[in-house]
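Enquirer: Pasting a predicted model and its sequence here:
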Amino acid sequence: MLDTYGDHAWGYEFFVNPLGIQGDLRIDANGDDDPSPDYIWYSMGRPNERGWQVEIAIPFSSLRFPDAETQVWRANFWRDHRRDLRRRYAWAA
């Protein structure tokens, strides 16, 4: 998730599965999401002997952010386990 304005008002969420299949949406501070945007970005997934890894590339031209010399963005990363009890591991709370 990227909060490119750093104000907790809304953010971009980008999802990738182990095969590199994408999903994206926009989410607001109330937790309401809008899946209608179709952002342009790239992903690749690779299963391996220890699990899997993904790479993503999000062009700045796909995002809105302030026109300021200094940028303060917020980011969070997480992993969902949907097959059992929907465990979620997050980088930040």
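Expert: Cool, got the structure. Numbers count the residues shown, from 1 in each chain.

Enquirer: mind listing the strands for the protein?
Expert: 2-3, 10-16, 22-28, 33-34, 42-48, 51-57, 74-75, 78-81, 87-90 (DSSP state E).

Enquirer: for the ones you listed, which one sits closest to Phe65?
Expert: Of all the strands of the chain, strand 2-3 sits nearest to Phe65, with 9.0 Å by CB to CB. In short, each C-beta sits where N, CA and C put it, glycine included.

Enquirer: Pull the residues that contact that closest one.
Expert: The contact list for strand 2-3, computed with CB atoms under 8 Å, 6 or more residues apart in numbering, reads Ala9, Trp10, Gly11, Tyr12, Phe14, Ile58, Leu63, Trp73, Arg74, Ala75.

Enquirer: And for stretch 80-91?
Expert: With CB under 8 Å, 6+ apart, stretch 80-91 has contacts from Asn76, Phe77, Trp78, Arg79.

Enquirer: Give the burial count for the last one, as a bare number.
Expert: Read that as Arg79. Here the number of neighbours of Arg79 (other CB atoms under 10 Å) works out to 9.

Enquirer: Which pLDDT value does the model give it?
Expert: As predicted, Arg79 sits at a pLDDT of 79.

Enquirer: Just list whatever residues bridge to it.
Expert: Bridge pairing for Arg79 (DSSP bridges) gives the partners Tyr89.

Enquirer: follow-up on the earlier one: could I get the strands of the chain in TSV, plus columns for distance to Asp67?
Expert: Shown next, in TSV, are these (distance: least, CB to CB, whole Å):
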stretch	distance to Asp67
strand 2-3	17
strand 10-16	18
strand 22-28	20
strand 33-34	23
strand 42-48	25
strand 51-57	23
strand 74-75	18
strand 78-81	30
strand 87-90	30
